[in-house]
Each structure stands twice: as C-alpha cells, then as structure tokens.
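Peer 1: Just a sequence and a predicted model for now, questions to come.
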Amino acid sequence: MPVCAGLALLAASVAASVQAQSSLDEFELRPALGQGAQKSARTAQRQPAFGSPPGSGAGDTGFVSTNIPAKGANTVAAKSAKQAARSAPPPNNLAARVRQAIDRDDVTGSVRPRAVPRAPEEEPFAPVGVRAGSFTLRPSLEVYGGYDDNPFRVNSGKLPSTFMKTEGKVEAESNWSRHSLSGELRGAYTDYFEVPGNDRPEAEAKLRGRIDVSSMSRIELEGRAALTTDAAGSPDAITSAKRPPNVYTLEGSAGYVQRFNRVELGLRGMVERSTHQDAELLSGATLDLSDRDYTSYGAALRGSYESTPDFKPFAEVAVDRRIYDHKVDFTGVQRGSDGMRLRAGAEFARERRLSGEVSAGYAWRKYEDPTLENISGLIVDASLIWRATGLTTVTLKANSEIGETTLAGASGVFHRQASVTVDHAFRRWLIGTAGASFGIDDYVGTDRRDDRIGLLAGLTYYFNRYAALKGEFRHERLRSTVPGDDYTANIVMLGLRLQR
C-alpha cells in the first residue's frame, strides 16, 4: 500500500508539471522545450498553405520584415483585431497584459509613427498636363482684347486701334528613363480692327532631343521653324506694303558631347535658312524680296568644367558663314560674310536659388564686299532665374548678335539688349509682374543708332489650375539719331488664359 500511494503521488506531480509547462508555452513567456500536440497545431495554423512565406518577424500588425504593408482583407482584419484588443478588458495573466500593452503602443520606448507634413507646392497653379503614352502634354490658350495708341510705331500721324490677340501653345515632354525628347508648338495672331493692314501672324515650332550613347556621352539634336514679320518702326520694314510680308526661318543643329570625369567637351554643327515673302504694295505692284534670302552654316566647340554640382564654368568658340541666294543684291552689294564668336561664362544649377547661364566675349564679322565695314565688339549673353524669396522671382536676360539689314550704306546691325522681370506672389493665386528692358541697335557703316526702352506691368489672377485672368500694360519708346524716327507707344491688354 505505501508503494502504491507513492506511485500515485509521483503521477500527480508529473501531471501538474506538464499542465504548468503547457500554460507557460501558451503565453510565450519562454521557448517550449518539447513538441506537444497543442504547439504543433498552433504552428501549423501559422504556416501559409501557398504563396511566398512571410518575412522574418512577420506578425499580426499588417507589416513584414520587408516593411511592406499587407493588402486587402489581411490589413482590415489586422486593424479590426487591434481595435478589439484596445477595447477588451485587461486580462488577469501578466503575459497577456504585456501583449495588450504592446498592441496599444503604451510601452515606454515604443515609437508611434507620425504623419509627415506635406510641403507646399512652389507653383500651386502650374498646369498639370495630360498624359499621352510616354509623353506629358501641356496645352494652353490665351485670348486678349487690347488698345494700342501707335500700332505702326511712327513719330507723327498716329492711328490708334483696338485689337484682339489669340495665342495657342502646346508643350510636350517625354517621360523616358533614358534619352529625352521635348517640343513646343506656338501660334498667335494679332488682329487690329481700325488698321487691318497691320495684322501680324506669328508661329514657332521647336524640337529638342537627346540620345544617351553611354553614361559619359550623348548626342544632342535641335530643330526650329518660325514665322514672323519685320517689326513695325524698323528701317527694314516695307512701309508701303498692304500688310507686313512674312519672314520664314528654319534652323537645325546636331552635336556630340563627351564627359571626362568633370571635364565636358562638345562639338555642334548648325544650319539656318531665312526667306522673305514678296511684299504686295498699296499701288498694286509686287516687290521682290528674294535678295534678302540667305543660308548660314556654322560650327561651335564648347568645353566646361564642373567645379561643383551647381557651378560649371565654360568657354566656347563658334564660326559661321552666310551665303546669300543672290551673290549681289538688287542695290549692287555683296552681303555674304564670315563670322566668329568667342565667349566664356558659367552655368548655374541651383534650381531653388539660381539657375541658368551668363557669359561675355567678343564677336566680329567680315564682309565680302570691300565697301562694307567689318563689325566687331563685345558681347554679353545671359539667361538667369533668381528665386530671391519664396514669393519673389527675378529673371534676367541679355543677348548680343550681329544681324542683317537692308539699310543703304550699313553692313549690318549690332543688336545688344537686356531685360529684367520681377514676379511677386501677393497671394498664391495673385501674381504681380514688373519689368524693364533696354536695347541698342547700331547700324554699322552709317550714323544711325536706335535706343529702345520698354516698361512692363502686369497682374495675373488664378481662378484655379485651369483658368486665369491676366491684365498687362506696356510702354515702348525708341530714340534714334535719325530725326523724325523717334516714337512712343502704349499698349493695354486684358485677357483670359486657359491651360491644362
């Protein structure tokens, strides 16, 4: 009997130990030492029957070790389970209370994720664009009504007129990870109601492409086609024409750029074709302007050094030759010429502060006709955007070039001009604009020199991203060394801009 009592007592102790071990395993206070039936069943429930196995550390919080949130019903189920855990009464068992505290993120040292504040857009009313395959298109349409107190830009005998200007534009840009293609198509027409002979069409198409040959080399292509007219008040304008004759321009260039660590070298070839439409005179006759047509061929070599990611100094040399369709024009002058440009400057790439490029150099042009004076002088070119503050942007532009002219005795015209424009956001939806420009047209070989001054003030009110109301005032003034050629003009415009 004592032996039987001892065996019964030993069996009861073993059973109590097994029950305690099962209880500890259930609340996971320590790893199990055996493979009981209850643990095997629980492990089988956690293993997926198909698909990829969960990452290391996968749990019921909706995330795996890859930090990728679970989708669909699993996420909803996890959220429901978490809410149920928060609302459930605290259990008596210590391990279960610890688990519930972890679910509620009430443990000291736990990190609760916070929503990152969204930064405001720099241009909240910029067009969003339209996706077309792998391209983004940004179309816009502007319609203005206005008043011009001197459409012909004359000193006396002004004929004020109201007008309407319609302008449409489409910009396209590729979204490729390699190579690039972008373009712009713009057309405008100004209709003067009181002086219909001064109606002016404008059109321009640009296409730019980049072929990434390798990580250190690329091919750059560019094409341009333009339609315009001679500017009113210019010595080259045909004052006796029924309407200003059209001027057509075709340009193309192709270049190869190679990088050597921070050094970059590029060679580019250019061609330009300029043609003029014959002028229909008020007398009914037609004036042949084919002696103004020419073709230009050129090449440019450019080298730069990237001293910092946002500052790149460069130097460039370019040569070109202009060949006229008529070797001798209708006045008996040979206007063919050879030119060269040398310039040095720097590129800036701090988009949030300063971007663009500025350069200075020297240019000269030699003419075939010995009676024409050669042209040479200093040149300055710039295209800079300075974001002075979060509300104010300053744009600076400068350009210098030696152009063609038909003025008797002049070999060419040396254009130099500069402008500054300030845009300020009084509100995110109300943008004010102010600008000033100054230009010099020096007709080399004659005593004529024209100084041009321009002032600009405008206001843009954005209804939303797709529509804006725009108002603008411009003042133009020309002072010439030729008596009687001075003029002033004031233009007021009010219109609607639609964009996408």
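Peer 2: Yep, that arrived. Owing to the predicted nature of the structure, the values given are computational and were not obtained by experimental measurement.
Peer 1: Who's the closest spatial neighbour of Ala349, skipping the chain neighbours?
Peer 2: Counting by Cβ to Cβ, 6 or more residues apart in numbering, the nearest residue to Ala349 once its immediate chain neighbours are dropped is Asp310, at 4.4 Å. All C-beta spots, glycine's among them, are computed from the backbone N, C-alpha and C.
Peer 1: I'd like the distance between the one you found and Asp149.
Peer 2: To Asp149, Asp310 is 46 Å away according to Cβ to Cβ, to the nearest Å.
Peer 1: before we move on, what about Met270?
Peer 2: When Met270 is compared with Asp149 (using Cβ to Cβ), they lie 40 Å apart.
Peer 1: and if you look at Arg353?
Peer 2: Arg353 sits at a distance of 41 Å from Asp149 (criterion: Cβ to Cβ).
Peer 1: bridging residues for the most centrally placed residue in the chain?
Peer 2: Here the mean C-alpha position of the chain is nearest to the C-alpha of Glu173 (Cα atoms, centre = their mean), at a distance of 9.5 Å. For Glu173, the beta-bridge partners under DSSP bridges are Thr136, Ser182.
Peer 1: what does Thr275 give?
Peer 2: In beta-bridge terms (that is, DSSP bridges), Thr275 pairs with Tyr248.
Peer 1: what's the burial count for it?
Peer 2: Using other Cβ atoms under 10 Å, Thr275 is surrounded by 16 other residues.
Peer 1: Is it in contact with Pro245, as I believe?
Peer 2: No: taking Cβ atoms under 8 Å as the definition, Thr275 is not a contact partner of Pro245, at 10.5 Å.
Peer 1: Flag the shaky bits of the stretch 201-350 of the chain, pLDDT-wise.
Peer 2: For the stretch 201-350 of the chain, no stretch has pLDDT under 70.
Peer 1: ranges for the helices of it?
Peer 2: The residue ranges that make up helices in the stretch 201-350 of the chain, judged by DSSP state H, counting those that start in this stretch, are empty, as it has none.
Peer 1: Wasn't Gly197 part of a strand?
Peer 2: No: residue state for Gly197 (DSSP: H, G, I helix; E, B strand; the rest coil) corresponds to helix; a strand is not indicated.
Peer 1: ok now do Thr249, which residues does it touch?
Peer 2: Taking Cβ atoms under 8 Å, 6 or more residues apart in numbering as the definition of contact, the neighbours of Thr249 are Arg224, Ala225, Ala226, Leu227, Thr228, Glu272, Arg273, Ser274.
Peer 1: Check what pLDDT Glu122 gets.
Peer 2: Here, the pLDDT recorded for Glu122 equals 70.
Peer 1: ok, it to Glu347 distance?
Peer 2: As for Glu122, its distance to Glu347 is 21 Å (criterion: Cβ to Cβ).
Peer 1: Quick one: end-to-end distance for stretch 301-317.
Peer 2: Stretch 301-317 has an end-to-end distance of 6 Å (Cα to Cα, to the nearest Å).
Peer 1: Show the residue spans covered by the strands in the stretch 251-400 of the chain.
Peer 2: Secondary structure of the stretch 251-400 of the chain (DSSP state E, counting those that start in this stretch): strands located at 263-276, 279-280, 286-287, 294-305, 311-324, 337-350, 354-367, 375-386, 392-403.
Peer 1: Could you dump the ones you listed into a markdown table with distance to Gly458 added?
Peer 2: Formatted as a markdown table, the entries for these read as follows, by distance: least, Cβ to Cβ, whole Å:
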| stretch | distance to Gly458 |
| --- | --- |
| strand 263-276 | 32 |
| strand 279-280 | 34 |
| strand 286-287 | 38 |
| strand 294-305 | 36 |
| strand 311-324 | 33 |
| strand 337-350 | 26 |
| strand 354-367 | 22 |
| strand 375-386 | 18 |
| strand 392-403 | 13 |
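Peer 1: Compare those and report which one is nearest to Arg474.
Peer 2: Distances from Arg474 to each of the strands of the stretch 251-400 of the chain were compared using Cβ to Cβ; the minimum, 16.2 Å, belongs to strand 392-403.
Peer 1: in that closest one, what's buried?
Peer 2: Buried residues in strand 392-403, counting neighbours by 16 or more other Cβ atoms under 10 Å, are found at Thr393, Val394, Thr395, Lys397, Ala398, Ser400, Ile402.
Peer 1: That strand packs against which elements?
Peer 2: Counting contacts by 3 or more Cβ pairs under 8 Å, 6 or more residues apart in numbering; DSSP states H and E, the secondary-structure elements packed against strand 392-403 are strand 354-367, strand 375-386, strand 412-427.
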